[in-house]
Structure formats: structure tokens, C-alpha cells
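A.B. asks: pasting a predicted model and its sequence here:
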Amino acid sequence: MHNLTVTKSNRLVEARYKLTLEQQRLLLLCIAKIDSQKPVDEISESFKITANEYAKTFNLDNKNAYRQLE
């Protein structure tokens, strides 16, 4: 995933102050997977983030990605 755009509401922006960097990154990866063409009430799917995807997105090696996701 490259050139992802994520739009966040003020509530989500404010909530990020309570999240760790790793939690923020994971949340943003999930948000980036949401199909913006679907109405919000139709989004009922779950999202799978792999350590490899996390590592590539945030320019980490796999060992650090696994550690952060653990």
C-alpha cells in the first residue's frame, strides 16, 4: 500500500493522544483499507494487517514489526 490517504474526524484526532505510536499506526492501516465509496453503515468487515505489511508501510524490518505488533 503506497500513497494512502486517511481522513480523520476530530474525535479520532483527539483520541490519538491516548494511543501508543504502534496503536496509531495499526488503526491508520485499518482505516486506509476502508472503501470510501461504501456508505459507513455498510462497512461491517474485519481487516487483516500482516507484520510484513506493517513493516513495509512504516519502513521497518520484520523483526521490529513483529515486536511492535506483539
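C.D. replies: Perfect, thanks for sending it.

A.B. asks: please name the nearest non-neighbouring residue to A55.
C.D. replies: Computed as CB to CB, 6 or more residues apart in numbering, the closest residue to A55 that is not its neighbour in sequence is A65, at 3.6 Å. Placement of C-beta: from N, CA and C, glycine included.

A.B. asks: look at the residue lying closest to T5 once chain neighbours are set aside and say how many residues are nearby.
C.D. replies: Excluding the flanking residues, the one nearest T5 by CB to CB, 6+ apart is A32, at 7.8 Å. Counted with other CB atoms under 10 Å, the neighbours of A32 add up to 15.

A.B. asks: A32 and R67, how far apart?
C.D. replies: For A32, the distance to R67 (CB to CB, to the nearest Å) stands at 22 Å.

A.B. asks: now do A51
C.D. replies: Between A51 and R67 the distance, using CB to CB, works out to 9 Å.

A.B. asks: avg pLDDT for the helix or strand containing the residue nearest to A55?
C.D. replies: Here A65, judged by DSSP states H and E, is contained in helix 62-69. Across helix 62-69, the average pLDDT comes to 92.

A.B. asks: now it, how far from the centre of its chain.
C.D. replies: Computed by CA atoms, centre = their mean, to the nearest Å, the separation of helix 62-69 from the middle of its chain amounts to 15 Å.
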